[in-house]
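A.B. asks: Could you look at this predicted model? Sequence included:
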Amino acid sequence: MAGELKVDLGERSYKIICGSGLLKQTGSLLKNLDLAAPCLVVSNAIVAGHYWPTLEQSLKAAGFQPHLALVPDGEEAKTLKVAAELYDAALAAGIERGAAIMALGGGVVGDVAGFVAATWLRGVPFIQIPTTILAQVDASVGGKVAVNHPRGKNLIGAFYQPAAVIADLATLATLPPREVRAGLAEVIKYGVIMDAGFFAYLEDHLEGALNGEEGVLETIVLRSCALKAEIVSRDERESGLRAILNFGHTIGHAVEAVTGFAAYRHGEAVAMGMVAAARLAVRRGMFSEEETNRLVRLLQRAGLPVDLPAVEPAAFQAALGHDKKVRQGQLRMVLPERLGRVQVTPVSLEEIMAVIC
Ligand SMILES: NC(=O)c1ccc[n+]([C@@H]2O[C@H](COP(=O)([O-])OP(=O)(O)OC[C@H]3O[C@@H](n4cnc5c(N)ncnc54)[C@H](O)[C@@H]3O)[C@@H](O)[C@H]2O)c1
Ligand SMILES: O=C(O)C(=O)C[C@@H](O)[C@H](O)[C@H](O)COP(=O)(O)O
Ligand SMILES: [Zn+2]
C-alpha cells in the first residue's frame, strides 16, 4: 500500500510518499529530483542501527554516493553545536549546491538536518525520511526547521521546505511504545483543530494505532499529512492560519524549556498543553466541559499525561514569553471553540496561571 500527497507551494511544491517498505525504494523515488551524486544522510545511532544498511544500499543502487553523519539521540541534538558538526560533515562529504542533505529519523533529526540544509551554502536540497509517528504526521511536512536556544524551543530556525518526504510505515514497527504515544498527541491535535470526524475515528481506532496496525497507521499518517499540507499550502510562513498547528504548544513548549528539554517527549508536553488550553477555553465559556472530557479521555487512553507538573512560576512565565506567537508582548494562544474548530486569540498570563496551578 502506498499513498501520495502534494504540498502545493508553487515552485517549492513537493510530494509526500507514504507506504510500507519504501526505504528500499528511496534511491529510485528520488531519481526525478536531479540531485548530485554525493549526499549527506543525518541520523542517530539508534535509527541508523535499524535502517542505514537498507537506505545506503538503495541510495547506492540509484547512483548516489551517501555519507552518514550521526547526531546524539534526543532533543540534545537540536543545538548550534551539533549543527556546526554537521557543517563539517557536509564539507567532508562534498555537499555542493545540488547535492542533498537527508534526514533519517524522528523530528529531532529532521529539524536539525533541515536547519543545516537551509543554511549550508545558503541552501541545498533537503529530503525528509521520517521514522517516528510524530515525524511522519507532522515534523517532516511544512518546512519548519530549527535548533533550540537553551531558554526556548526552536528559537533559531527557518522556513525551508523539503524537496520530498518519504514515510516508510514499516519503520514504525521498531518504535518504542513511549514514542508511539507521543506521536499520537500531534495526531489528536489535528482532530481538535480542524477535523471532528478524524477525532471520532481516533476514538474508534486508538487501540489499532497503539498496537501498530498498519492500516490504521496509514490512515492516520495520510489524513494528518493531508490536513497539514492544506494549511501549509495556504499559509507557508505562519502569517495567520498556520498558527492553529500550534495548539497545545504555547504551554507545551514552556514545559519543555523549564524542564531542560529532558523530562518530557515533545508529544507529551503538547498533550498537557492541549488540555490546559481546553481548560482555559472552558473557563472563558467558549468550549464545553463535555468536549474537554472527550479530549482528556482520548489522551489518557493513549497513555499521555494530561496534568502539568509543578513548575516554578517565574521560569515558566519567562518561557511563555518566548512563544513565537507573542505580538508586542501580548501572549496569544490557540483555543478550541468545538472539536474541529479553534481560534488564535490574545490571553493573559493570569488566565494561563489559573489553569496550570
Ligand atoms: N518541524 C516541525 O514542524 C515539527 C513538528 C513537530 C515536532 N517537531 C520537533 O520534533 C521533535 C520530536 O520528534 P520525535 O517525537 O520524532 O522525537 P525524536 O526525534 O527524538 O525520536 C524519538 C525517539 O525515537 C527514536 N527513533 C526514531 N525512529 C525510530 C524507529 N523507527 N525505531 C526505533 N527508534 C526510533 C529516536 O532515536 C528517539 O530516541 C521535537 O524536537 C519537536 O520540537 C518539529
Ligand atoms: O508546523 C507547524 O507550524 C507547527 O506548529 C507544528 C508543531 O507541531 C511543531 O512542534 C512546530 O515545530 C512548532 O513550531 P514553533 O514555531 O512553535 O517552534
Ligand atoms: Zn509539535
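C.D. replies: Nice, thanks for sending it over. Ligands and ions are numbered 1, 2, ... in the order given.
A.B. asks: Could you check which helix or strand contains whichever residue of the stretch 51-200 of the chain sits closest to ligand 2?
C.D. replies: Closest to ligand 2 within the stretch 51-200 of the chain is residue 154: 3.4 Å, counting by CB to the nearest ligand atom. In short, each C-beta sits where N, CA and C put it, glycine included. Assigned by DSSP states H and E, residue 154 falls within strand 152-159.
A.B. asks: now do residue 128
C.D. replies: Assigned by DSSP H and E, residue 128 belongs to strand 126-130.
A.B. asks: quick one: is that strand near ligand 1?
C.D. replies: No: using CB under 6 Å from any ligand atom, we find that strand 126-130 stays clear of ligand 1, coming within 7.4 Å at best.
A.B. asks: any idea how far that strand is from the chain center?
C.D. replies: Distance of strand 126-130 from the chain centroid (CA atoms, centre = their mean, to the nearest Å) equals 12 Å.
A.B. asks: picking that back up, so what secondary structure elements neighbour the strand holding residue 154?
C.D. replies: helix 107-119, strand 144-149, helix 249-258 (3 or more CB pairs under 8 Å, 6 or more residues apart in numbering; DSSP states H and E).
A.B. asks: just the ones you listed: most buried one?
C.D. replies: Comparing the helices and strands packed on strand 152-159 by mean neighbour count (mean count of other CB atoms under 10 Å), helix 107-119 comes out on top with a mean of 27.
A.B. asks: Kindly format the C-alpha coordinates of that one as PDB.
C.D. replies: Extracted C-alpha coordinates of helix 107-119, given in PDB (Å, rounded to 0.1, in the frame of the first residue of the first chain):
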ATOM      1  CA  GLY A 107      11.600  15.100  14.400                       C
ATOM      2  CA  VAL A 108      14.800  15.900  16.200                       C
ATOM      3  CA  VAL A 109      16.900  14.600  13.300                       C
ATOM      4  CA  GLY A 110      14.600  16.300  10.800                       C
ATOM      5  CA  ASP A 111      14.700  19.700  12.500                       C
ATOM      6  CA  VAL A 112      18.500  19.900  12.900                       C
ATOM      7  CA  ALA A 113      19.300  18.300   9.500                       C
ATOM      8  CA  GLY A 114      16.800  20.700   7.900                       C
ATOM      9  CA  PHE A 115      18.400  23.700   9.600                       C
ATOM     10  CA  VAL A 116      21.800  22.700   8.200                       C
ATOM     11  CA  ALA A 117      20.300  22.100   4.700                       C
ATOM     12  CA  ALA A 118      18.700  25.600   4.900                       C
ATOM     13  CA  THR A 119      22.000  27.300   5.800                       C
END
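A.B. asks: near ligand 1 at all, that helix?
C.D. replies: Yes: against ligand 1, helix 107-119 shows contacts by CB under 6 Å from any ligand atom at 107, 108, 109, 111.
A.B. asks: Please apply the same query to stretch 230-245.
C.D. replies: No: applying CB under 6 Å from any ligand atom, one finds stretch 230-245 out of contact with ligand 1, separated by at least 7.6 Å.
A.B. asks: neighbouring contacts of that stretch?
C.D. replies: Here stretch 230-245 makes contact (CB atoms under 8 Å, 6 or more residues apart in numbering) with 7-9, 12, 138, 141-143, 159, 161, 189, 193-194, 228, 324-325, 332, 334, 342, 344.
A.B. asks: and the residues you listed near ligand 2, which?
C.D. replies: Filtering the contacts of stretch 230-245 for proximity to ligand 2 by CB under 6 Å from any ligand atom leaves 138, 142, 324.
A.B. asks: So what sits opposite residue 158 in the bridge?
C.D. replies: residue 145 (DSSP bridges).
A.B. asks: Find the centremost residue of the chain, please.
C.D. replies: The centroid of the chain falls nearest to residue 139 when counting by CA atoms, centre = their mean (2.4 Å).
A.B. asks: how about the residues of the stretch 201-350 of the chain near ligand 2?
C.D. replies: 238, 242, 245, 246, 249, 324.
A.B. asks: wait, which of the ones next to ligand 2 among the contacts of stretch 230-245 is closest to ligand 1?
C.D. replies: Distances from ligand 1 to these, taken by CB to the nearest ligand atom, are shortest for residue 138, at 4.3 Å.
A.B. asks: Leaving out sequence neighbours, find the closest residue to that closest one.
C.D. replies: The shortest distance from residue 138 to any non-neighbouring residue, by CB to CB, 6 or more residues apart in numbering, is to residue 186 (4.5 Å).
A.B. asks: now the closest residue to the residue of the stretch 51-200 of the chain closest to ligand 2 other than its chain neighbours: how far from ligand 1?
C.D. replies: What sits nearest to residue 154 in space, not counting adjacent residues and going by CB to CB, 6+ apart, is residue 146, at 3.7 Å. Here the distance between residue 146 and ligand 1 works out to 7 Å (CB to the nearest ligand atom, to the nearest Å).
A.B. asks: Tell me which residues touch residue 146, please.
C.D. replies: Listed by CB under 8 Å, 6+ apart, the contact set of residue 146 reads 78, 111, 114, 115, 153, 154, 155, 156, 157, 158.
A.B. asks: Repeat that for residue 225.
C.D. replies: Residues near residue 225 by CB under 8 Å, 6+ apart: 5, 16, 18, 136, 137, 141, 165, 167.
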